[in-house]
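Q: Generate a structure from the sequence data that follows.
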Amino acid sequence: MELPQTDASRRWAAAAIATLMLSTPLAHAAPDGSGISDGVVRIAVLGDYGSGRDLGGPGSVTAAKLAAEDFHNKVLGKPIEIISADHQNKPDVAVGIARQWFDVEHVDAVTDLAVSSVGLAVAGLATQSNRTALVSGAATSDLTGDKCSPVVTHWADDTYALSAGLVGELGRRVGKEWFFVAVDYSFGSAMVKDASRAVTDAGGKVLGAVRYPFNTTDFSSFLLAAQSSGAKVVALAGTGADTVNAVKQTHEFGLQQGGQTIVGMLTFISDVHSIGLRDAQGMYIASQYYWDDDDGTRAFAKRFIEIEKREPTKLQAATYAAVRHYLKAIEAGGSDEAKAVNAEMRKLPVDFFSRPAHIRKDGRVVYDLSLYRVKKPDESKYPWDYYQKIAAIPGDKAFRPEGTGGCKLDK
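A: The predicted structure follows:
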């Protein structure tokens, strides 16, 4: 999930703490947990509890707890503890919380980390502190580029993969002329840069781009610019309320009726739920997770919805997969020491909701993405039945090729 760093008057570290420490024994636990520091595996969920609450937030805590439940809340005979806090979309707040966790509370791993500036800042601190960072929220591909680290893994679908996946498939199906409506901060700029490269590499044309301030409610001038460009594809590079408002207004100005296709570059199922199928229908998105894809995704969604009363987003699903794999690596390697467990994580195959995935040396988790079209209202047969799968996007085609991102670990 991506939101800018803001100076809005929120209270400084009103952290929401949730803990889980149960004692059910693990069937395959080692006879002793001598490789577990402090006798506890402590995992912290650092997310957005404000404007991005539906995308990650408390749902990411639930996802982490479900992963711990898969191990009966113990690994190598030692308890698993989940704690959480709100980073308020501010890197300085996030780093302050993470430093307290690492130095005082002996947190072993941190996850979620929505917002690229937060993800990069906390991943940097984790590297300095020799702690594990399981990034399931931030979208920047820099995490596996020149900012890569041996203790950081990137579980979210990043700006490179989303751009490559959407551009390649839509170029063949819809058209090769693109126009971007992007939020005016680092994420929007990165997405436009990556997507523009993908468009030109595929033989297409970028007819223009406009940038709007975060939390814009009136998109009229930006959408009229997109409409007048004549581009076949209008790509929205924003998240949350910005995406919701922009998509609703595309219908008011008749972009779809005029033959233009709307693409959400980083759109969550919670966004589509807020927009409604009447206005979201026909929109294209790419994602690594949709709750109704197959038995594996539905099994996790069933457990999640029993607690949260709503379907999980792809961020929350990535948090579950990340924590689960981390615990699996501790069990296999016999230690929660950051460098050791991250090396083990890179060795083990990843079970991404019963679909294969793997972790490269640069920390990039590679899995297949899918291209989806949002259904028409009369195509939806039950609650949250929102997406129709159009195509599979192989991970080796979507993610930046290994060794080309400037990661020192690739050498």
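Q: Who are the contact partners of Glu177?
A: Going by C-beta atoms under 8 Å, 6 or more residues apart in numbering, Glu177 touches Gly204, Lys205, Leu207, Gly230, Ala231, Lys232, Val233. Placement of C-beta: from N, CA and C, glycine included.
Q: Please name the bridge partners of it.
A: Judged by DSSP bridges, the bridge partners of Glu177 are Lys205.
Q: quick check: longest helix of this structure.
A: Determined from DSSP state H, the single longest helix within the chain is helix 314-333.
Q: Quick check: closest non-adjacent residue to Gly188.
A: Ala182 (3.6 Å; C-beta to C-beta, 6 or more residues apart in numbering).
Q: Past the helix or strand the one you found falls within, which element shows up next along the chain?
A: Secondary structure from DSSP states H and E places Ala182 in strand 177-183. Under the assignment DSSP H and E, the closest C-terminal helix or strand after strand 177-183 is helix 186-201.
Q: low-scoring stretches of this protein, by residue?
A: 1-34, 51-53 (pLDDT under 70).
Q: now the strands: where do they sit in the stretch 301-411 of the chain?
A: Secondary structure of the stretch 301-411 of the chain (DSSP state E, counting those that start in this stretch): strands located at 350-352, 355-359, 365-366, 369-374, 387-393.
Q: Adding distance to Phe214 and mean neighbour count as columns, could you present those in CSV?
A: Listed next are the strands of the stretch 301-411 of the chain as CSV, based on distance: least, C-beta to C-beta, whole Å; neighbours: other C-beta atoms under 10 Å:
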stretch, distance to Phe214, mean neighbour count
strand 350-352, 31, 20
strand 355-359, 32, 16
strand 365-366, 28, 24
strand 369-374, 24, 22
strand 387-393, 27, 17
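Q: Could you dump these into a markdown table with distance to Tyr160 added?
A: Compiled in a markdown table, the strands of the stretch 301-411 of the chain are given as follows (distance: least, C-beta to C-beta, whole Å):
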| stretch | distance to Tyr160 |
| --- | --- |
| strand 350-352 | 18 |
| strand 355-359 | 16 |
| strand 365-366 | 12 |
| strand 369-374 | 11 |
| strand 387-393 | 12 |
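Q: Among those strands, which comes closest to Leu113?
A: strand 365-366 (14.0 Å; C-beta to C-beta).
Q: got the contact list for the closest one?
A: 153-155, 322, 350, 352, 357-360, 395-396, 399.
Q: Selecting buried members of the contacts of Glu177 in ChimeraX, what would you type?
A: Listed next is the ChimeraX selection for buried residues among these, using 16 or more other C-beta atoms under 10 Å:
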select :204,207,231,232,233
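Q: just checking, which of the contacts of Glu177 belong to strands?
A: Filtering the contacts of Glu177 for membership in strands, criterion DSSP state E, returns Lys205, Leu207, Val233.
Q: Pipe these into a markdown table and attach distance to Gly77 per row.
A: What follows is the ones in strands among the contacts of Glu177, written out as a markdown table (distance: C-beta to C-beta, whole Å):
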| residue | distance to Gly77 |
| --- | --- |
| Lys205 | 60 |
| Leu207 | 61 |
| Val233 | 54 |
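Q: The one helix or strand Ala63 maps to vs helix 314-333, what angle?
A: Using DSSP H and E, Ala63 maps to helix 57-69. Orientation of helix 57-69 against helix 314-333 (axes from the mean of the first three to the mean of the last three C-alpha atoms, to 10 degrees) gives an angle of 30 degrees.
Q: Pull out the buried residues from helix 57-69.
A: Gly57, Pro58, Gly59, Ser60, Val61, Thr62, Ala63, Ala64, Lys65, Leu66, Ala67, Ala68.
Q: picking that back up, and Thr140, which of the strands of the stretch 301-411 of the chain is closest to it?
A: Closest among the strands of the stretch 301-411 of the chain, using C-beta to C-beta: strand 365-366, at 14.5 Å.
Q: Just checking: what are the partner strands of the closest one?
A: Short version: by DSSP bridges, strand 365-366 pairs with strand 355-359 (antiparallel).
Q: Now do the partner strand: everything it contacts.
A: By C-beta under 8 Å, 6+ apart, the list of residues contacting strand 355-359 reads 153, 294, 296, 345-346, 349-351, 365-368, 395.
Q: Tell me which two of the residues you listed sit farthest apart.
A: Taking C-beta to C-beta as the measure, those have their most distant pair in Asp294 and Arg346, spaced 25.9 Å apart.
Q: Please say which of those two ends up with more neighbours.
A: Arg346 (19 against 12; other C-beta atoms under 10 Å).
Q: Now do the contacts for that one.
A: Arg346 touches Ile359, Arg360, Lys361, counting by C-beta under 8 Å, 6+ apart.
Q: Can you get me a residue count around Thr132?
A: The number of residues near Thr132, taken as other C-beta under 10 Å, comes to 27.
Q: Please identify which helix or strand holds the residue lying closest to Leu166 once chain neighbours are set aside.
A: Closest residue in space to Leu166, ignoring its immediate chain neighbours: Ala286 at 5.0 Å, by C-beta to C-beta, 6+ apart. For Ala286, the host element (DSSP H and E) is strand 284-287.
Q: That's all I had, so thanks and see you.
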